[in-house]
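Trainee: Dropping the sequence and predicted coords here.
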Amino acid sequence: MTHLVSRKTLGFHATPLHRAAEPHAFHYLAQRTSFWVAILSLLAFVTGNMIGQHGWQVFWKSVMGRDDDSLIVYTGTVTPIALVPDYVRWYRYGGNPQEHSFREVPQDFLIPLPPYTSALNDATARVIYSVSYMGSYTTGKENSGSHPAVDIRVPIGTPVRSIASGIVSEVKDATGFGKTIVIRHPNIPDPSRPTQTTVLFSNYAHLSTLFVEPGDYVSKGEQIALSGMTGDATGPHLHFQIDRSDAPWHPYWPFTSEELRAAGYSTTDAINRGFHSDRGTSFTVNPLLYVQASYAPALMIVDAGASSVRSSASSSIASQTWLSRVQSRVAQRRARLTVASTTTVAVHEAAGSSSSSSAQEPKPTLPIATGEVVQRREVVVSRDEALPPAAGTPVSSVEITHDGSYSDRGWERVRLTLLDDNGNVVTSPMLTRDIVLRASFGSADFQPDTLSVLDFSNGRAEVSVLPHGRRTLVIEAIPFGTQSQPMRYTK
């Protein structure tokens, strides 16, 4: 049987080799220089990001799962486009937005975007604003349809900027709209009650090149994209729209595909008939009138938890700090998104163009390659509106030519030629009205179905035609009443 005997009973004791207690791990690390270097590097990294542009917003979103809207400071609004061509001068010089990009417009021909008015009394404005707010594709006039935006006619590659400070909500290729950017603007004056704030969404569609990503913070006037004609567009333009916060989606559209099918309308017919225009006025804002108003900053909440309120005076001070942070992050983003912004423009070879340049007004570089007409079904840029007078020869008739037949292969090419009283081609035409194409016999879609003087190069223009069924097709040009030779179906 085993008995346990204590060491004390036996008269001997043990002494530990190390009398001091084992130090804590932190004590050991504190003796190492590399530990302190790592700690200081981490602090420097966090501090640098927190004081950088929107560093706190990014931290707030990563921790709390949302953006800190209270730190978006409203500093006014600007138009989505800064400069546009003086179309009358550019056209006389041989320019054409259907064929030439923004970079091919001589600098002397660029003018500030003209003011938008509901009546569009200015001739230049009528050309640039092809479809007004809640307008139709037929006349383009305001409240003549249910188009919830303003279409701004600009060449491909025109710089597009954010109308106000905000957060990029969506960057997508939307059905019908093409490449689209949606920006959320918190703490912005409510158009119905400018002394109070609300949330609005600005939408920019039919773009060609995108410079921002979802979650990016943008400042007022910052370039976000280049214009284009992606999506359902018959010509290069910017679809600019402002939605209210209660709109069910962005960009908001006043009807759905199911409602169109139920009503038996095409998209163009529905817009021209003002289909559900009441929804458009309820969920959207007249975009150009709003940005031109550039309301003064309203009282806004800075810290929702403390319910502290900042006046417009202190808001101005805060905005300077905010803007200083913007500049550094904008430079970083542009370096990250530096890409070739060269835009490929679908063109037809310009006949008889001169390669000589003038010292007074340099000729725009004309494209030399022949491109393909983009095949799209809906008419977006069209209006039966008087164009500004231009120096040139009056047009007496329009000649419509084609190859005489069509098959099941799809779209056909048709050429329009402007003629004077003697049957000569008018290379510098003067048109007082748009030319509208329709089928006087048979049925067809036209891309585009409406042409202005800007669509012709040296008196000629080409359109795409999609005959319906297998009936013989005869095309008529209004208002000249000219009809084409029959286009017959062949297998």
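Mentor: All right, it came through fine.
Trainee: how many other residues sit next to residue 38?
Mentor: 12 (other CB atoms under 10 Å). The way it works is simple: take the backbone N, C-alpha and C, and place the C-beta from them, glycine included.
Trainee: scratch that, residue 182 is what I was asking about
Mentor: Residue 182, neighbours per other CB under 10 Å, totals 24.
Trainee: how's the protein carved up into domains?
Mentor: 83-336, 393-489 (automatic domain parsing).
Trainee: any idea which of those is most buried?
Mentor: Of all those, domain 83-336 has the most neighbours on average by mean count of other CB atoms under 10 Å, namely a mean of 19.
Trainee: Would you mind putting the domains of the chain into a markdown table with distance to residue 74 alongside?
Mentor: What follows is the domains of the chain, written out as a markdown table (distance: least, CB to CB, whole Å):
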| stretch | distance to residue 74 |
| --- | --- |
| domain 83-336 | 5 |
| domain 393-489 | 37 |
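Trainee: can you redo these as TSV with distance to residue 39 and mean pLDDT?
Mentor: Listed next are the domains of the chain as TSV, based on distance: least, CB to CB, whole Å; pLDDT from 0 to 100:
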stretch	distance to residue 39	mean pLDDT
domain 83-336	25	86
domain 393-489	65	87
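Trainee: closest one to residue 70 among those?
Mentor: domain 83-336 (5.3 Å; CB to CB).
Trainee: SS state for residue 281?
Mentor: Here residue 281 is recorded as helix under DSSP: H, G, I helix; E, B strand; the rest coil.
Trainee: List the contacts of the residue lying closest to it once chain neighbours are set aside.
Mentor: Of all residues beyond its chain neighbours, the one nearest residue 281 is residue 134 (6.3 Å), with distances taken as CB to CB, 6 or more residues apart in numbering. Shown in contact with residue 134 (CB atoms under 8 Å, 6 or more residues apart in numbering): 142-148, 277, 280-281, 286.
Trainee: The same query, at a cut-off of 6 Å, please.
Mentor: Applying CB atoms under 6 Å, 6 or more residues apart in numbering, we find residue 134 in contact with 143, 277, 280.
Trainee: can you check residue 407 too?
Mentor: By CB under 6 Å, 6+ apart, the contact set of residue 407 is residue 490.
Trainee: roughly how far apart are it and residue 490?
Mentor: 6 Å (CB to CB, to the nearest Å).
Trainee: cool, and residue 38?
Mentor: Taking CB to CB, one finds residue 38 at 79 Å from residue 490.
Trainee: likewise residue 215?
Mentor: Distance, residue 215 to residue 490, by CB to CB: 55 Å.
Trainee: now do residue 78
Mentor: According to CB to CB, residue 78 and residue 490 sit 55 Å apart.
Trainee: the more surrounded of those two?
Mentor: Using other CB under 10 Å, the more surrounded residue of residue 78 and residue 490 is residue 78, with 18 against 10.
Trainee: ok, residue 149 touching residue 241?
Mentor: Yes: using CB atoms under 6 Å, residue 149 is in contact with residue 241, at 3.5 Å.
Trainee: so what sits against both of these two?
Mentor: Counting by CB under 6 Å, 6+ apart, nothing touches both residue 149 and residue 241.
Trainee: After the helix or strand hosting residue 417, which helix or strand is next?
Mentor: Using DSSP states H and E, residue 417 falls within strand 412-419. The element immediately downstream of strand 412-419 (helix or strand, assigned by DSSP H and E) is strand 429-430.
Trainee: Tell me which residues are up against that following strand.
Mentor: Strand 429-430 is contacted from outside by 390, 392, 394-395, 418, 453, using CB under 6 Å, 6+ apart.
Trainee: Could you do stretch 443-450 as well?
Mentor: With contacts defined as CB under 6 Å, 6+ apart, stretch 443-450 is touched by 234, 379, 382, 434, 436-437, 463-468, 473.
Trainee: Dump those into TSV; add distance to residue 106 and secondary structure as well.
Mentor: Listed next are the contacts of stretch 443-450 as TSV, based on distance: CB to CB, whole Å; DSSP: H, G, I helix; E, B strand; the rest coil:
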residue	distance to residue 106	secondary structure
234	26	coil
379	30	coil
382	27	coil
434	26	coil
436	31	strand
437	31	strand
463	28	strand
464	30	strand
465	34	strand
466	37	strand
467	40	strand
468	43	coil
473	41	strand
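Trainee: Nearest to residue 269 among the residues you listed?
Mentor: Relative to residue 269, the closest of the contacts of stretch 443-450 is residue 379; by CB to CB it sits at 10.3 Å.
Trainee: re the thing from before, what distance do you get for the residue nearest to residue 281 to residue 151?
Mentor: For residue 134, the distance to residue 151 equals 12 Å [CB to CB].
Trainee: Select the longest strand from this structure.
Mentor: Assignment by DSSP state E gives strand 197-210 as the longest strand of the chain.
Trainee: neighbouring strands for the helix or strand that comes right after that strand, and are they parallel or not?
Mentor: Per DSSP H and E, the first helix or strand lying C-terminal to strand 197-210 is strand 217-218. Strand pairing for strand 217-218, using DSSP bridges, gives strand 166-174 (antiparallel).
Trainee: For the partner strand, give me every contacting residue.
Mentor: Around strand 166-174, the neighbours that count as contacts under CB under 6 Å, 6+ apart are 67, 179-185, 210, 212, 214, 216-217.
Trainee: before we move on, back to that, angle of the longest strand of the chain against strand 166-174?
Mentor: Interaxial angle, strand 197-210 versus strand 166-174 (axes from the mean of the first three to the mean of the last three CA atoms, to 10 degrees): 50 degrees.
Trainee: where exactly do the strands run in the stretch 101-250 of the chain?
Mentor: In the stretch 101-250 of the chain, the strands defined using DSSP state E, counting those that start in this stretch lie at 110-112, 129-131, 150-153, 159-161, 166-174, 178-189, 197-210, 217-218, 223-227, 237-244.
Trainee: Make a markdown table out of these and add distance to residue 101.
Mentor: Converted to a markdown table, those look like this (distance: least, CB to CB, whole Å):
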| stretch | distance to residue 101 |
| --- | --- |
| strand 110-112 | 13 |
| strand 129-131 | 18 |
| strand 150-153 | 14 |
| strand 159-161 | 12 |
| strand 166-174 | 21 |
| strand 178-189 | 16 |
| strand 197-210 | 9 |
| strand 217-218 | 24 |
| strand 223-227 | 9 |
| strand 237-244 | 13 |
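Trainee: Compare those strands and give me the one nearest residue 457.
Mentor: Residue 457 lies closest to strand 150-153 among the strands of the stretch 101-250 of the chain, at 16.4 Å (CB to CB).
Trainee: Can I get that closest one in CSV, CA atoms only?
Mentor: Taking C-alpha atoms only, strand 150-153 is exported to CSV below (Å, rounded to 0.1, in the frame of the first residue of the first chain):
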residue,chain,number,x,y,z
VAL,A,150,-35.1,66.1,-71.3
ASP,A,151,-33.2,64.8,-74.3
ILE,A,152,-30.1,66.9,-74.9
ARG,A,153,-28.7,66.6,-78.5
